[in-house]
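K.L.:
Just to be clear, the model below is a prediction. Sequence and coordinates:
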Amino acid sequence: MSKIVTRSIDLTNPPKLSKEAKARLAKLNEADIDYYDIPPLTDEFWANAVSNPLYKPTKQIATVRIDSDVLLWLKSPGKGYQTRMNAILRQAMLTELTELAETH
């Protein structure tokens, strides 16, 4: 009769690497890494990639000086002007990052 042993790992709190394990990893040559079970990611893959709908970036408090007419415009629809401002800035960031990626 065999004894089945099961183990689980908390992915939010993985075990720490020992100094020896870190040293072995540091010595690894990139060419020696075996990628047999990891297919290469093609341009087609990235063209069809979508953002994780559950991704929620962390928020940071920031003090920003904004022209009064811009602030008035942001507040004009009612509550949520900071959310609107964040959405506008995020869209500008994503547009710029996309353009940068297309030029490289």
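P.N.:
Arrived safely.
K.L.:
and the longest helix anywhere in the chain, what other elements does it pack with?
P.N.:
If you go by DSSP state H, the chain has its longest helix at helix 81-103. Judged by 3 or more Cβ pairs under 8 Å, 6 or more residues apart in numbering; DSSP states H and E, helix 81-103 is in contact with helix 68-75. Where C-beta positions appear, they are placed from N, C-alpha and C, glycine not excepted.
K.L.:
Going by neighbour count, which residues in the least confident helix or strand in the chain by mean pLDDT are buried?
P.N.:
Taking mean pLDDT, DSSP states H and E as the measure, the chain has helix 43-47 as its least confident helix or strand, at a mean of 90. Residues of helix 43-47 classed as buried: none (neighbour count, 16 or more other Cβ atoms under 10 Å).
K.L.:
then that helix to CSV, C-alphas only?
P.N.:
C-alpha atoms of helix 43-47 as CSV (Å, rounded to 0.1, in the frame of the first residue of the first chain):
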residue,chain,number,x,y,z
ASP,A,43,3.9,38.7,-33.3
GLU,A,44,0.6,37.1,-34.1
PHE,A,45,0.2,36.1,-30.4
TRP,A,46,0.8,39.7,-29.2
ALA,A,47,-1.5,41.1,-31.9
